[in-house]
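**Q** Next input, structure requested:
(one chain, ligands or ions: 1)
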Amino acid sequence: MSDDEKPGWFGRLFGRKGPEPKPSEEAVVPEPTSPASESEGVPDFATGADDVSHVPPPVSEPSPEDPDKNRIPDEIEGADLQPEPQPPVEDVAFEEPQEETQELAPEPEPEPAPEPLPAAAEKRGWWSRVTGGEAPPAEPTAPAEADIQPVDAAAALASDAVQGAVEGSEKRGWWSRLTGGLKRTSSALSDRVTGLFTKRKLDATTLEDLEDALIQADFGVETATRMAEAVGKGRYEKGISPDEVRAILASEIERALEPVAVPITLDPAKKPYVILTVGVNGAGKTTTIGKLALKFKAEGRSVMLAAGDTFRAAAIEQLRVWGERTNVPVISRAQGSDAAGLAFDAFKEAREAGTDVLLIDTAGRLQNKAGLMAELEKIVRVIRKLDAEAPHATLLVLDATVGQNALSQVELFSQAAPVSGLVMTKLDGTARGGILVALAAKFGLPVHFIGVGEGVEDLEPFAARDFARAITGLPREERA
Ligand SMILES: Nc1nc2c(ncn2[C@@H]2O[C@H](COP(=O)(O)OP(=O)(O)OP(=O)(O)O)[C@@H](O)[C@H]2O)c(=O)[nH]1
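**A** Numbering: from 1, shown residues only. Okay, here's the model as predicted:
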């Protein structure tokens with residue numbers, strides 16, 4: 001289909017979306033009032049990349065009547081990297097850690113008392129299918145060490161969050177969780193498709209409206225255009241049912257996502273296999289680490305956690321509670337300690353204990369963005385003193401509710417750490433789950449896991465076909 005056959009297609013596409021838009025994906029995609037989607041409230045983690053020059057800022061055109069009307073409030077823009085009213089990190093200076101492991105003080109009384117692993121932990125099968133590896137022998141016991149200062153209210157909150165994640169998992173299958181989690185996106189999309197294609201002949205206006213719906217779901221302009229064109233191909237002035245449209249969209253989405261649906265593969269020769277997790281605060285790093293720890297353990301792998309978000313006491317405590325609940329040792333130090341030194345010590349300890357997987361948490365917020373990036377670079381540099389190939393995987397955890405801002409977060413974090421794959425959380429909290437497709441189109445980074453809820457079973461390996469069908473409201477199709 002040529003542009004001549006679609007009068008007003010691109011004119012409308014680019015002309016209506018802003019006064020002076022550029023013909024690029026980011027310039028055209030509107031963010032209604034904030035970097036996050038309209039439905040998510042006011043996340044304080046919605047940015048993290050305001051100095052990435054080639055990524056345009058979210059829509060912030062002043063209104064002629066009220067210049068402040070569309071201004072992005074300071075508390076949203078860049079808030080994840082603003083100072084916190086916490087004691088400052090003491091040692092941001094690059095003091096490389098010495099070989100000696102620091103003495104760790106006795107661990108405080110665990111609070112609350114750890115509970116047995118949920119049934120999910122005993123479930124096997126999916127992880128084997130994904131990792132393909134043989135389950136290693138039983139876990140050697142490594143000492144749980146910590147010198148965390150007691151954190152009262154924060155600890156209680158963190159414990160509640162972990163408790164909710166563990167207990168909030170009703171016994172439902174993944175497909176049901178996935179479709180439930182993607183409901184907001186799929187309903188919005190499906191309603192538009194039904195409205196547009198019921199008893200109507202397919203014309204340019206209908207396709208433009210479809211394209212708008214896809215853009216609103218954060219698929220990105222390029223992908224939305226391609227998908228709308230696929231629907232229109234050879235069908236002008238003919239009838240097409242909403243289900244046919246959904247099927248075409250699903251197949252386009254699957255095609256775009258198939259190359260990035262790559263499972264994380266743990267190399268058993270690397271002991272420990274070091275996984276660094278990065279991302280802005282609130283994206284779900286700590287929760288993801290806890291859920292992954294549970295999954296790895298369920299496969300019989302031994303796991304150790306490193307509480308590398310030394311900036312926030314609550315983050316340390318949250319990881320400690322995850323460690324208790326999953327019966328996994330957590331290496332931590334007092335708030336404000338050097339995160340790179342902690343990562344180094346944890347690596348050494350995991351190696352000495354013969355641990356299979358070391359999951360390192362990191363801060364998502366520091367006193368400023370440069371500090372955050374410097375800390376990540378330092379962690380990577382320091383653990384490479386023990387193994388030049390470490391970290392063996394660096395997972396960037398992205399919160400789907402930040403919408404197009406996820407694109408700039410990938411660019412920002414990739415500058416500081418060797419991001420090897422993505423985990424997208426909170427797809428249940430947005431009607432704009434198409435962001436995953438936009439990310440795939442732009443970066444082609446492997447998407448290892450997606451999260452569709454707070455429960456431990458709400459994080460699963462990413463499968464392109466299931467996602468494509470769930471997001472378009474189609475029933476599951478079993479592969480032959
Ligand atoms: N609805 C929903 N909530 C999620 C999902 N993943 C994580 N969360 C919740 O998001 C919140 C933040 O998660 P954390 O794991 O604390 O995020 P973080 O990136 O470690 O944040 P900091 O510790 O602040 O750096 C918690 O309440 C989680 O339960 C998801 O897929 N869906």
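**Q** How about the residues of the stretch 201-350 of the chain by the ligand?
**A** Contacts of the stretch 201-350 of the chain with the ligand, taken as C-beta under 6 Å from any ligand atom, map to 279, 281, 282, 283, 284, 285, 286, 287, 309, 315, 318. (Glycine included, C-beta is placed from N, CA and C.)
**Q** most surrounded residue in the residues you listed?
**A** Sorting these by how many neighbours each has (other C-beta atoms under 10 Å) puts residue 286 first, at 32 neighbours.
**Q** how about low-confidence regions in the chain?
**A** For the chain, the stretches with pLDDT under 70 are 1-172, 199, 366-367, 478-480.
**Q** Which residue does it have closest to the ligand?
**A** residue 451 (2.7 Å; C-beta to the nearest ligand atom).
**Q** Write down the beta-bridge partners of that residue, one by one.
**A** Counting by DSSP bridges, residue 451 is bridged to residue 459.
**Q** Roughly how far does it sit from residue 221?
**A** Residue 451 sits 26 Å away from residue 221, taking C-beta to C-beta, to the nearest Å as the criterion.
**Q** For the stretch 201-350 of the chain, which segments count as helices?
**A** 204-216, 221-232, 242-257, 285-298, 313-326, 339-353 (DSSP state H, counting those that start in this stretch).
**Q** so can I have CSV of the ones you listed showing distance to residue 443?
**A** What follows is the helices of the stretch 201-350 of the chain, written out as CSV (distance: least, C-beta to C-beta, whole Å):
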stretch, distance to residue 443
helix 204-216, 19
helix 221-232, 13
helix 242-257, 12
helix 285-298, 19
helix 313-326, 27
helix 339-353, 25
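**Q** right, and these - which one's nearest residue 376?
**A** helix 339-353 (8.7 Å; C-beta to C-beta).
**Q** Name the strands paired with whichever helix or strand comes after that closest one and say parallel or antiparallel.
**A** Later in the chain than helix 339-353, the nearest helix or strand by DSSP states H and E is strand 357-360. Applying DSSP bridges, strand 357-360 is found paired with strand 273-278 (parallel), strand 303-306 (parallel).
**Q** Just the CA coordinates for strand 357-360, please, in PDB.
**A** C-alpha atoms of strand 357-360 as PDB (Å, rounded to 0.1, in the frame of the first residue of the first chain):
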ATOM      1  CA  VAL A 357      23.800 -18.200  41.600                       C
ATOM      2  CA  LEU A 358      24.600 -14.800  43.200                       C
ATOM      3  CA  LEU A 359      22.000 -12.200  42.700                       C
ATOM      4  CA  ILE A 360      23.200  -8.600  43.400                       C
END
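**Q** Can you give the contact residues for that strand?
**A** 266, 272-277, 289, 292-293, 296, 301-306, 308, 343, 346-347, 350, 379, 383, 391 (C-beta atoms under 8 Å, 6 or more residues apart in numbering).
**Q** how does it look with 6 Å?
**A** 272-276, 289, 296, 301, 303-306, 308, 343, 350 (C-beta atoms under 6 Å, 6 or more residues apart in numbering).
**Q** thinking again about what came up before, which one, of the helices of the stretch 201-350 of the chain, ends up nearest to residue 173?
**A** Across those, closest to residue 173 is helix 285-298 (C-beta to C-beta), at 16.1 Å.
**Q** buried residues in the closest one?
**A** Buried positions in helix 285-298, judged by neighbour count with 16 or more other C-beta atoms under 10 Å: 285-298.
**Q** swap in stretch 213-225?
**A** 213, 214, 215, 216, 217, 218, 219, 220, 221, 223, 224, 225.
**Q** Kindly check the end-to-end length of it for me.
**A** 11 Å (C-alpha to C-alpha, to the nearest Å).
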